[in-house]
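A.B. asks: Provided below for reference: sequence and predicted model.
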Amino acid sequence: MPVRSAVRAVVTDLDGTVVHHDGTVSDATLTAAADLAARRIPLIAATARTPPGVATIGSLTPYLTIAVCSGGAVGWVPSTAETLWRETIAPAGVDRLVRFTVARLAGAGMAVHDGQTWRMTGAYARQRGDRLRGRKETVPVADLARHPACAMSICHPDRTSDELMRAVTALGGGPAPTVTYSTTHVVDIAPAGVDKSSGVRRALAVLGVAPADAVAVGDMPNDLPMFALCGVAVAVAGAHPDVLAAATVVTSCIHDDGFARALHALGAVDGGRIRRPGCTACGPVPA
């Protein structure tokens with residue numbers, strides 16, 4: 001693994017990269033985050049989570065300088081709860097997506113977030129309602145398009161995320177929203193031109209850091225835009241094949257503190273609290 005001593009910012013995906021399925025964060029990751037703070041290296045989260053969803057990660061949130069939320073649509077400062085920006089899909093655009101989904105994806109569930117509340121259909125509530133964090137309510141399909149949406153989610157019990165993405169990206173008749181995914185059987189939809197790259201670029205500009213001086217860490221296709229933006233792109237072991245192919249560095253998996261290991265190898269943090277030996281599930285730890 002190459003050594004980079006002039007890291008000026010670290011950008012990380014959350015779920016599957018530093019946040020485990022049970023919502024916990026390892027001691028090594030928290031120690032690395034604290035070390036970044038001590039060295040005055042900003043830590044930016046780039047996530048499909050909304051601000052309330054980020055706030056639930058109580059152990060990590062205090063170390064986040066900026067959270068790029070809702071796939072890039074919202075910029076949020078955890079320490080002050082300030083919203084730096086919020087991009088939205090207009091109600092007409094939400095309505096177009098809703099009508100398309102009802103017509104083409106029978107059985108799909110839909111949810112929209114207006115910056116304050118998740119509004120979801122009954123189908124979404126049954127399939128994924130427990131995954132949504134923060135304020136949420138179940139509403140009739142007709143009510144989904146009553147407000148602008150900074151994020152929209154479509155799930156289906158039988159369609160893969162790739163199948164859903166192909167279906168939604170075939171929608172015409174207006175500005176094409178950004179469609180991506182970070183888990184199975186669901187796609188995340190952001191306003192046209194908005195993705196993790198656009199959000200991370202805005203966050204880095206606020207901090208006065210050039211993208212070339214930032215390290216991005218991730219595991220799923222929605223991380224690819226920020227991989228292309230940042231100077232170093234780190235994939236955790238077990239990441240989606242497209243993410244592994246796009247990475248400049250591959251570290252060990254989340255269960256083996258891959259985030260902390262990569263930052264230590266890049267010279268951004270020390271190696272305290274990293275577990276040894278390496279995880280047998282993800283193979284040898286990269287040198």
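C.D. replies: That came through, no problem.

A.B. asks: sec struct for H21, please.
C.D. replies: Using DSSP: H, G, I helix; E, B strand; the rest coil, the structure places H21 in coil.

A.B. asks: same deal with L171?
C.D. replies: Quick answer, by three-state DSSP: L171 is coil.

A.B. asks: just the pLDDT for it.
C.D. replies: Looking at L171, its pLDDT stands at 80.

A.B. asks: then M110 would be within a strand, right?
C.D. replies: Yes - counting by three-state DSSP, M110 is located in a strand.

A.B. asks: quick one: residues contacting the closest residue to it other than its chain neighbours.
C.D. replies: Spatial nearest neighbour of M110, chain neighbours left out: T121 (5.1 Å); criterion: C-beta to C-beta, 6 or more residues apart in numbering. Placement of C-beta: from N, CA and C, glycine included. Contacts for T121 (C-beta atoms under 8 Å, 6 or more residues apart in numbering) come out as 109-111, 138-141, 144.

A.B. asks: and if you look at V234?
C.D. replies: Going by C-beta under 8 Å, 6+ apart, V234 touches 215-218, 247-251, 258-259, 262.

A.B. asks: got the residues you listed as CSV, with pLDDT columns?
C.D. replies: Below are the contacts of V234 laid out as CSV (pLDDT from 0 to 100):
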residue, pLDDT
V215, 98
A216, 99
V217, 99
G218, 98
A247, 98
T248, 97
V249, 97
V250, 98
T251, 98
G258, 97
F259, 98
A262, 97
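
A.B. asks: which of those residues lies closest to V98?
C.D. replies: Of all these, G218 has the smallest distance to V98: 29.4 Å, by C-beta to C-beta.

A.B. asks: give the bridge partners for the closest one, please.
C.D. replies: A235 (DSSP bridges).

A.B. asks: pretty sure it is touching T17, no?
C.D. replies: Yes - using C-beta atoms under 8 Å, G218 is in contact with T17, at 5.6 Å.

A.B. asks: joint contacts of those two?
C.D. replies: V236.

A.B. asks: which one's more surrounded, those two?
C.D. replies: Counted by other C-beta atoms under 10 Å, G218 and T17 do not tie: G218 has more neighbours, with 32 against 26.

A.B. asks: which one is the spatially most central residue of the chain nearest to, not counting chain neighbours?
C.D. replies: The centroid of the chain falls nearest to T47 when counting by C-alpha atoms, centre = their mean (2.1 Å). In this structure, T47 finds its nearest non-sequential neighbour in L14, 4.5 Å apart by C-beta to C-beta, 6+ apart.

A.B. asks: list the contacts of the one you found.
C.D. replies: 45, 47, 49, 54, 57, 60.

A.B. asks: from the residues you listed, which is closest to S79?
C.D. replies: Set against S79, the nearest of the contacts of L14 by C-beta to C-beta is V54 (11.9 Å).

A.B. asks: touching, the closest one and A45? I think so.
C.D. replies: Yes - using C-beta under 8 Å, V54 is in contact with A45, at 6.2 Å.

A.B. asks: neighbour count for these two, which is higher?
C.D. replies: Set side by side, V54 and A45 show more neighbours around A45, with 28 against 23, by other C-beta under 10 Å.

A.B. asks: who is that one paired with across the strands?
C.D. replies: Beta-bridge partners, per DSSP bridges, of A45: T12, A67.

A.B. asks: what about the nearest residue to L207 once chain neighbours are set aside, neighbour count?
C.D. replies: Excluding the flanking residues, the one nearest L207 by C-beta to C-beta, 6+ apart is P42, at 5.2 Å. A count of neighbours around P42, defined by other C-beta under 10 Å, yields 21.

A.B. asks: how much space between P42 and G72?
C.D. replies: P42 is 17 Å from G72, where distance means C-beta to C-beta, to the nearest Å.

A.B. asks: how about D15?
C.D. replies: Distance from D15 to G72, counting by C-beta to C-beta: 16 Å.
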